[in-house]
Each structure stands twice: as structure tokens, then as C-alpha cells.
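**Student:** Return atomic coordinates for the entry below.
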Amino acid sequence: MRWALVKVCLAVTTMVAAAFAVPLGLVIQEMARDRAFSAAERHAAGMGPTLSITTDRAELTRAVATSEAGGEGRMAVHVPAVGTHPALAIGDRRAHAHDVAATRAQGRARTVTVPGGYALLQPFAIGSGGIAVVEIHVPESEVSKGVTTAWLVLAGVGVGLVIGSVAVADRLGVRMVRPARRLAGAARDLGEGRLTARVPEDGPTELRLAAVAFNSMADQVVHLLANERELAADLSHRLRTPLTVLRLNAASLGDGPAAEQTRVAVEKLEREVDTIIRTAREAKPRTAAGGTGAGCDAAEVIRERMEFWSALAEDEGREARVAGVERPVWIPVARADLVAALDALLGNVFRHTREGAAFAVDVHSGEDAVIVLVSDAGDGITDPQAALARGGSGGTGGPSGTQGPDGAIGSTGLGLDIARRLAESTGGDVRIGRSVLGGTEVRLWLQRAAVRPGERRRRRRAPAR
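**Tutor:** I've put the predicted structure just below:
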């Protein structure tokens, strides 16, 4: 838009400058010509009184020599033969004899072209009754005197006008383009999940109104999302009553492994419901990962979840190992999201591998990314691509087993999808491969800084452990 406006202004200004400068230059050229011939007529008129008094050669020669044009060699006097007096031609002659004769016959002034310029032929009556002709030479330089300078001045003025108009158009274009770019950037940010994106309400009237409408729309989106979160929290809260009944019934089952597992499952379900309610009722809506305020210590979360799952691993005779969590590892995702992804991956290990199969969680921290590796000693996955596809289960080979990608045949496949969406929200990804333990290795690549779609850099595969 900016350059289009500059081009239009350049074209219009150039046409306007040319429309005024060219006629004005032609007028100046004509004025210079008229000035030169008017001066020649004055010089010729100065010889009129002398010719009316005398036609003596000596007197005419002296008069020509003392005149301005004669002193410059630009005057000649042609006197016809009258009676016994021969014809006279005094001064520097340039016009042809037939031009002089034609002027004498017509009895009026005329201009003819001669080498080096023009000649003004002015007739005068003399006392003897004949017609004498005064010739004034007008050089080409006199006709065009000052015209070149005038054209240069007009050209400079035109160029100055064009440059000035382009500068003004550029400033106007910036004033229009900058708010438009801000509006486009804010729309892109809002589409990527940055709900805090707003546009300054300034600039031209139309763009200012568009900014007001965009900000109103963004506020409405935030309001609708808040209502959705409240609805999710209310629906989750309704689960408390049946969970309370279930917990009381589980407490009356007595002792035994089955009863204890039931009570543990009920407690976990209560914690998950509480997490859903707290997440849904956060004061600020969560945008795409990496938004303002989003982030957690991955090392702390992994230690906490491994402590939780280690109790169940001990009951099943599994060896559990964790590495790389000695120091804090910050990642730009919410704690609840990371907990959900880890629980989904570790839950897959317990559901789809035999009892006694070992598993491990390794964390590799770099300057711009964090890699979380969840490995097991199961049988591996026959079709990793199908396992990563949400709802793509059904005999494809689940994580470290022979079932679906997130559970038994016919499962929804939401476990790996949770981890995949978490990684992609930071600009990372999830990949499945063969672990050093002999089973499946799920690699969770998390970018420390969120990357916009289309700007994701090519990443190297995770180094083998």
C-alpha cells in the first residue's frame, strides 16, 4: 500500500509539473525572441531621422559606426540609386539582394534567415523619394538568450516538486501502513492463541475504527472462553457428590489388594477433578504455551510424578530410573499440562507392558530446547505413525505392546495426543522410536521459546542414550 501510494503520487506530480513547466518554458522562449527583435527594431528606428535628412555616404557611414548595432557589426544600410546618385550599401551586409528588393517593394518590415541568425529588414522613405532599407542582424544567441537557464530552473522546480510530493506521500503511506501492519500482527497473534493481543486505536479514521472493532472482538473472545472455563468447572464440580459416595463405598471394602487399588484410584480421580476445576478457574486464560506467566520447572514435576508412579512400579516389580532432574529445567508450559502429558505417557507404560518391565525418564536440557525421553523395556510399537494419530488405534500396535496407541484395541488414543499437543504448542514435536531398554522410546521435544507456525527450524534427532 505504501509503495503504491508513492507511485501514484509520483505519476500525478510528474504530469502536473510537466503540464505547467512545458508551456511556461515555451512562453519564455517566445518572450526571448520578441525581446531580441524588439531591440533590433529600436536600432533600425534610430537610423530613420538620418536617412530622412541625407543620403551622403560619409554621413551614413559615420551614423552607422556611432550606433550601438553598427559598432557591433550588426547594421547595414541599403540606399537605392536615385537620379545621378548611385546605389549605396553601407555596413556589414548579410541579407540577400532579392530580400532587400522585396522589402523595398512591399514597403513593410520583414525578417529573413541569414547565416548565424536572423536579419530584420526595415524600410524608410528618403528625401529623394526612394525607399532605403536598414538591415539589423539578430544573432541566434540573442534569440535564445536566457532560455536555457529558464528551462533548467523550471526543471529544477519540477524535480523539487516531485521529490517533495514523494516524501509527503511516503509519510502518509507510513501513517496508513503502520496501523494496518499492527492490526495484521495482532490478528495473527490472536489466531495463534495469544489472547492478550490488542491494537492501539490510532491512525486514519478507517483503521482506527477497525482497531476498535478488533479489540472489542478480542475482549468478546476472552469473555466467551472465561464462560467456557466456568462451565467446565461447574460440570466438574458436579462429580464431587458421586465421588464422595464412591469413596465411602471403597472405604467399606475392607483390606486386600483389590480394595486398596480401588481406594487409590478413587483418590486419584478426586485429585484429577480438583485439577480440572483449578485449571478451568484460573484468573487469566491460558493462551498458547509460552504466553505471559506460563511456565514450570520440568525437573520438579518429573521428580514428583516419578515418586507417584514408583509406588505402583514397586508393586509390579518394575525398575524405575530417572536422570537429568538434579537441576531446575524451566519450560514454557503450564504445570498442569506437563503433569497430564507425563501421566499419559507413564500410564501407557503400565497399561501396555508386562509386569516387571523396566522404564526410565531422562531429561536433556539445552539452550533453546528441552528433551524428555520416556523409555520402557516392553515389546515396542509396530506402527509409530498410527500411534501418534488421535483415534488411530485398533490393532496397530500400542506403546510397547500389541494394542492401540493409548490403550486396548478401540481406545481413543488421547494419551499420546495430549503429549503431542503439548509439544507442538511450544513449536516442538513428539517422536516414537526404539529405546536402549529394548522397548519404546517416546521423545518429547519442548522449545524454550514458542515458535510461530511456518518458522519452525529443522531439528536434529535426539541423541541416542
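
**Student:** Could you report the separation of residue 384 from residue 377?
**Tutor:** 17 Å (C-beta to C-beta, to the nearest Å). Placement of C-beta: from N, CA and C, glycine included.

**Student:** Which residue ranges of the stretch 201-350 of the chain form helices?
**Tutor:** Using DSSP state H, counting those that start in this stretch, the helices of the stretch 201-350 of the chain run over 205-237, 240-251, 257-280, 298-315, 335-352.

**Student:** Output those in JSON lines; the columns should cover mean pLDDT.
**Tutor:** Shown next, in JSON lines, are these (pLDDT from 0 to 100):
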{"stretch": "helix 205-237", "mean pLDDT": "80"}
{"stretch": "helix 240-251", "mean pLDDT": "70"}
{"stretch": "helix 257-280", "mean pLDDT": "76"}
{"stretch": "helix 298-315", "mean pLDDT": "89"}
{"stretch": "helix 335-352", "mean pLDDT": "86"}
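
**Student:** now, of the ones you listed, which is deepest in the fold?
**Tutor:** Each of those was assessed for mean neighbour count using mean count of other C-beta atoms under 10 Å. The highest is helix 335-352, with a mean of 22.

**Student:** how far out from the middle of the chain is that one?
**Tutor:** 43 Å (C-alpha atoms, centre = their mean, to the nearest Å).

**Student:** Which secondary structure elements does the next helix-or-strand element following that helix sit against?
**Tutor:** Scanning forward in sequence from helix 335-352 by DSSP states H and E, the next helix or strand is strand 359-365. Packing partners of strand 359-365 (3 or more C-beta pairs under 8 Å, 6 or more residues apart in numbering; DSSP states H and E): helix 298-315, strand 320-323, helix 335-352, strand 369-376.

**Student:** In its sheet, which strands sit next to strand 359-365, and in what direction?
**Tutor:** strand 320-323 (parallel), strand 369-376 (antiparallel) (DSSP bridges).

**Student:** Determine which of these approaches residue 52 most closely.
**Tutor:** strand 369-376 (110.6 Å; C-beta to C-beta).

**Student:** about what we covered before: what's the closest of the helices and strands packed on strand 359-365 to residue 228?
**Tutor:** Per C-beta to C-beta, nearest to residue 228 of the helices and strands packed on strand 359-365: helix 335-352, 16.6 Å.

**Student:** mind checking the SS state of residue 89?
**Tutor:** Classification of residue 89 by DSSP: H, G, I helix; E, B strand; the rest coil places it in strand.

**Student:** list the contacts for it?
**Tutor:** Shown in contact with residue 89 (C-beta atoms under 8 Å, 6 or more residues apart in numbering): 76-79.

**Student:** let's see 6 Å
**Tutor:** Residues in contact with residue 89 (C-beta atoms under 6 Å, 6 or more residues apart in numbering) are residue 78.

**Student:** Now do the same for it: its pLDDT.
**Tutor:** Residue 89 carries a pLDDT score of 84 in this model.

**Student:** From residue 11, how far out is it?
**Tutor:** Distance from residue 89 to residue 11, by C-beta to C-beta: 60 Å.

**Student:** one step back: could you single out the most deeply buried of the strands paired with strand 359-365?
**Tutor:** strand 369-376 (a mean of 24).

**Student:** Send over whichever helix or strand comes after that one as CSV, restricted to the C-alpha atoms.
**Tutor:** On the C-terminal side of strand 369-376, the nearest following helix or strand under DSSP H and E is helix 384-388. Provided in CSV are the C-alpha atoms of helix 384-388 (Å, rounded to 0.1, in the frame of the first residue of the first chain):
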residue,chain,number,x,y,z
PRO,A,384,4.5,-45.3,15.4
GLN,A,385,2.7,-43.1,12.9
ALA,A,386,-0.7,-44.7,13.7
ALA,A,387,0.1,-44.5,17.4
LEU,A,388,0.6,-40.7,17.2
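
**Student:** if we can go back for a sec, mind checking which of the strands paired with strand 359-365 is nearest residue 57?
**Tutor:** strand 369-376 (112.0 Å).

**Student:** mind checking the end-to-end distance for stretch 433-448?
**Tutor:** The straight-line separation of the ends of stretch 433-448 (C-alpha to C-alpha, to the nearest Å) is 23 Å.

**Student:** Can you tell me what sits against it?
**Tutor:** 331, 345, 358, 368-378, 380-381, 399-400, 419, 423, 426-432, 462, 465.

**Student:** would you turn the helices of the stretch 201-350 of the chain into CSV with distance to residue 110?
**Tutor:** Formatted as CSV, the helices of the stretch 201-350 of the chain follow (distance: least, C-beta to C-beta, whole Å):
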stretch, distance to residue 110
helix 205-237, 67
helix 240-251, 119
helix 257-280, 105
helix 298-315, 105
helix 335-352, 102
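
**Student:** and of these, who's closest to residue 131?
**Tutor:** It is, among the helices of the stretch 201-350 of the chain and with distance given as C-beta to C-beta, helix 205-237, at 78.7 Å.

**Student:** so who does residue 131 touch?
**Tutor:** With C-beta under 6 Å, 6+ apart, residue 131 has these contacts: 104, 123.

**Student:** what are the bridge partners for it, then?
**Tutor:** residue 125.

**Student:** Three-state assignment for residue 367, please.
**Tutor:** With three-state DSSP as the criterion, residue 367 reads coil.

**Student:** Give me the neighbour count for the nearest residue to it once chain neighbours are set aside.
**Tutor:** In this structure, residue 367 finds its nearest non-sequential neighbour in residue 448, 7.5 Å apart by C-beta to C-beta, 6 or more residues apart in numbering. Residue crowding around residue 448 was assessed by other C-beta atoms under 10 Å; the count is 19.

**Student:** same thing with residue 22?
**Tutor:** With other C-beta under 10 Å as criterion, residue 22 counts 13.

**Student:** now it, what's its secondary structure?
**Tutor:** Going by three-state DSSP: residue 22 is helix.

**Student:** Report the contact partners of it.
**Tutor:** Contacts of residue 22 (C-beta under 6 Å, 6+ apart): none.

**Student:** Against residue 364, how distant is it?
**Tutor:** 75 Å.

**Student:** swap in residue 349?
**Tutor:** Taken as C-beta to C-beta, the span from residue 349 to residue 364 is 19 Å.
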